[in-house]
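Q: Pasting the sequence and the predicted coordinates here, then a few questions.
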Amino acid sequence: MKKKACKSCKIFVDENVCPTCKKNSFSTNWQGRVQFLDTKRSMIAHEMNVETKGEYAIKVR
């Protein structure tokens, strides 16, 4: 089964509600993944506007 990613914040989720943005719109049509361990020091996390550590999709349709 393909992972589902939140359409608004792009984090991968297993639940029916996103733990980060509290929305419930998800997609299994995504490309690329990146995992953030320390979002405060990561320039990529800053560019993607990520504040919570975890695994994110790069592109979600």
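A: Cool, the structure landed.
Q: Do you know the pLDDT at residue 18?
A: Residue 18 carries a pLDDT value of 94.
Q: center of this structure, which residue is that?
A: residue 11 (1.7 Å; C-alpha atoms, centre = their mean).
Q: Just list whatever residues bridge to that one.
A: residue 56 (DSSP bridges).
Q: what's near enough to touch it?
A: 5, 18-20, 52, 54-57 (C-beta atoms under 8 Å, 6 or more residues apart in numbering). The way it works is simple: take the backbone N, C-alpha and C, and place the C-beta from them, glycine included.
Q: What of residue 17?
A: 23-24.
Q: same check, this time on residue 45
A: Here residue 45 is in contact with 36, 39, 51 (C-beta under 8 Å, 6+ apart).
Q: among those residues, who's most crowded?
A: The residue in those with the most neighbours, by other C-beta atoms under 10 Å, is residue 36 (19 neighbours).
Q: just to revisit the earlier point, now which of the contacts of residue 11 would you call buried?
A: Burial by neighbour count, 16 or more other C-beta atoms under 10 Å: within the contacts of residue 11 this picks out 5, 18, 20, 54, 56-57.
Q: now these as TSV including distance to residue 43?
A: As requested, those are exported to TSV (distance: C-beta to C-beta, whole Å):
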residue	distance to residue 43
5	22
18	24
20	20
54	17
56	15
57	19
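Q: any idea which of those residues is closest to residue 44?
A: When the buried ones among the contacts of residue 11 are compared for distance to residue 44 (C-beta to C-beta), residue 56 wins out at 9.6 Å.
Q: thinking that closest one is in contact with residue 47, fair?
A: No: using C-beta atoms under 8 Å, residue 56 makes no contact with residue 47, being 11.7 Å away.
Q: Quick check on residue 38: phi, psi?
A: Residue 38 adopts backbone torsions of phi -130, psi 90, taken as degrees, to the nearest 10.
Q: Check which residues of stretch 25-40 are buried.
A: 26, 30, 36, 39.
Q: coming back round to it: quick one: the residue nearest to the centre of the chain from residue 59, how far?
A: 14 Å (C-beta to C-beta, to the nearest Å).
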